[in-house]
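> fold the following.
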Amino acid sequence: MHVDFPVAIGPWGAPWYRDAARHTSVFGQLHDLHAWAVRAGEPLTLVDFDGYDHHAVHTGHLERVLRDLARIVEHEFVLAAMITHGPLVRAANLG
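Residues are numbered from 1 along each chain as shown. Predicted coordinates for the structure are as follows:
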């Protein structure tokens with residue numbers, strides 16, 4: 001089995017989280033909110049209680065976040081990749 005993201009989000013890892021999350025109504029709402037923010041020229045920030053500022057650590061590159069084996073891939077980074085690069089995003093598509 002090929003694992004595209006480092007296994008970090010609980011025991012199932014980011015690909016499984018991505019595949020489960022994309023089928024939820026909440027992801028649909030988040031996707032719609034992102035589309036509204038883009039049209040309005042407004043920023044959209046996802047905040048998690050145990051996340052970190054990836055702009056400071058990885059100069060904002062989600063691909064670096066998702067491949068950094070020294071840090072846990074928090075779910076907000078997977079969601080950010082999904083809403084900005086599509087719900088079937090893979091780390092390889094972000095480079």
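> now Leu30: which helix or strand?
helix 25-40 (DSSP states H and E).
> what sits up against that helix?
21, 42-44, 79, 82-84, 87 (CB atoms under 8 Å, 6 or more residues apart in numbering). Glycine gets a C-beta too; all of them are placed from N, C-alpha and C.
> which two of those residues have the greatest separation?
The largest separation in those, counting by CB to CB, is between Ala21 and Glu42 at 22.9 Å.
> Arg22 versus the residue nearest the centre of the chain, what's the distance?
The centroid of the chain falls nearest to Val78 when counting by CA atoms, centre = their mean (2.0 Å). In this view, Val78 and Arg22 are 10 Å apart by CB to CB, to the nearest Å.
> other residues contacting the worst-scoring helix or strand of the chain on mean pLDDT?
When the helices and strands of the chain are scored by mean pLDDT, DSSP states H and E, helix 54-58 comes last with a mean of 73. Contact with helix 54-58 is made by 60-62, 64-65, 68, 71, 77, as judged by CB under 8 Å, 6+ apart.
> helices of the protein, start to end?
Ranges of helices in the chain, per DSSP state H, are 13-21, 25-40, 54-58, 62-67, 75-85.
> return stretch 41-49 as CSV; C-alpha atoms alone will do.
Provided in CSV are the C-alpha atoms of stretch 41-49 (Å, rounded to 0.1, in the frame of the first residue of the first chain):
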residue,chain,number,x,y,z
GLY,A,41,-11.2,38.6,-1.3
GLU,A,42,-11.2,37.7,2.3
PRO,A,43,-8.7,35.4,4.1
LEU,A,44,-9.9,32.2,5.6
THR,A,45,-7.9,30.8,8.6
LEU,A,46,-8.3,27.3,10.0
VAL,A,47,-7.4,27.2,13.7
ASP,A,48,-6.7,24.1,15.7
PHE,A,49,-6.0,24.0,19.4
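> now stretch 74-84: buried residues?
Going by neighbour count (16 or more other CB atoms under 10 Å), the buried part of stretch 74-84 is 74-83.
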